[in-house]
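1. Below is the structure, and that's it, no one-letter string:
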């Protein structure tokens, strides 16, 4: 990932509110398409110029060829707010973040956690995140629904990791159960991505708890009941189970690792 400073310069008199609306509209469009990462974007104003410091999946993430229809419309909206097209200054690579996948994988998966801000679509070859704008738009021209699912998954993950309230158990059910709303939406998005990319795409089903290691090793696929999904060797040193028909990967319960 890379850190980039984006500058917005006014070419005529405007108002802070008009500029704020136009810039934030563009940032939201970029975020919905996976071109910038994170949830909050600080925008400063000084001497008639606005500056935003952004995290990008790759050096060319803001190139016009990656823009969604919403982003292209938002860029035109800058003119109405008397703002010139944005100018980018790449500040360098983020030393604390993952690199992005650069090659088309043999398979891919939906995987995230509360500590990750990168794309939730990962390469099955090396677990590197695949920038969302490199995938066909999942719905309505971009990836808003996928990013919304990721945000909800991360919120549940943070609750269960904190282990401080009764909400932990409801959060765990969303992460671990194939009957949860979170699973249903994510699994459907997974199917949509597989259909559009023609690449086998799996859903990561989080697993914790269980009564014993022996029972855990014999655990069937929770969606179809197959007992043939246990792998001889874990995939990517993490996934001990994979159900091909259900397109699910899962880990051996963290309680027994």
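-> That came in fine, so what should we check first? Nothing here was measured: the structure is a model prediction, and the numbers come from that model. Residues are numbered from 1 along each chain as shown.
2. any idea which helix or strand comes after the longest helix along the chain?
-> Counting residues, the longest helix found in the chain (DSSP state H) is helix 144-162. Following helix 144-162 in sequence order, the next helix or strand is helix 167-176 (DSSP states H and E).
3. For that next one, buried residues please.
-> By neighbour count with 16 or more other C-beta atoms under 10 Å, helix 167-176 contains the buried residues 171, 172, 173, 174, 175, 176. The C-beta positions use only the backbone N, C-alpha and C, and glycine is treated the same way.
4. what helices or strands is the helix or strand just after it leaning on?
-> Beyond helix 167-176 in the direction of the C-terminus, DSSP H and E gives the next helix or strand as helix 181-197. In terms of contacts (3 or more C-beta pairs under 8 Å, 6 or more residues apart in numbering; DSSP states H and E), helix 181-197 is packed against strand 108-110, helix 144-162, helix 167-176, strand 201-205.
5. returning to that earlier point: what comes up buried for the longest helix of the chain?
-> Buried residues in helix 144-162, defined by neighbour count with 16+ other C-beta under 10 Å: 144, 145, 146, 147, 149, 150, 153, 154, 156, 157, 159, 160.
6. OK, contacts around the second one?
-> When you say that, I think you mean residue 145. 138, 139, 185, 189 (C-beta atoms under 8 Å, 6 or more residues apart in numbering).
7. So, low pLDDT: which residues of the protein?
-> By pLDDT under 70, the chain has no low-scoring segment.
8. Would you map the strands across it?
-> 2-9, 43-46, 49-56, 87-93, 108-110, 121-123, 201-205, 230-235, 239-243, 248-250 (DSSP state E).
9. I'd like those strands written out as a markdown table, with distance to residue 18 and mean neighbour count added.
-> Shown next, in a markdown table, are these (distance: least, C-beta to C-beta, whole Å; neighbours: other C-beta atoms under 10 Å):
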| stretch | distance to residue 18 | mean neighbour count |
| --- | --- | --- |
| strand 2-9 | 12 | 17 |
| strand 43-46 | 13 | 12 |
| strand 49-56 | 12 | 18 |
| strand 87-93 | 19 | 12 |
| strand 108-110 | 38 | 24 |
| strand 121-123 | 35 | 25 |
| strand 201-205 | 42 | 23 |
| strand 230-235 | 51 | 12 |
| strand 239-243 | 49 | 22 |
| strand 248-250 | 48 | 24 |
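10. For these, give me a markdown table that also has distance to residue 81.
-> Below are those laid out as a markdown table (distance: least, C-beta to C-beta, whole Å):
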| stretch | distance to residue 81 |
| --- | --- |
| strand 2-9 | 9 |
| strand 43-46 | 13 |
| strand 49-56 | 10 |
| strand 87-93 | 16 |
| strand 108-110 | 37 |
| strand 121-123 | 33 |
| strand 201-205 | 39 |
| strand 230-235 | 49 |
| strand 239-243 | 47 |
| strand 248-250 | 46 |
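11. Could you name the stretch from the ones you listed that's closest to residue 73?
-> strand 2-9 (16.4 Å; C-beta to C-beta).
12. Since that was my last question, I'll sign off now.
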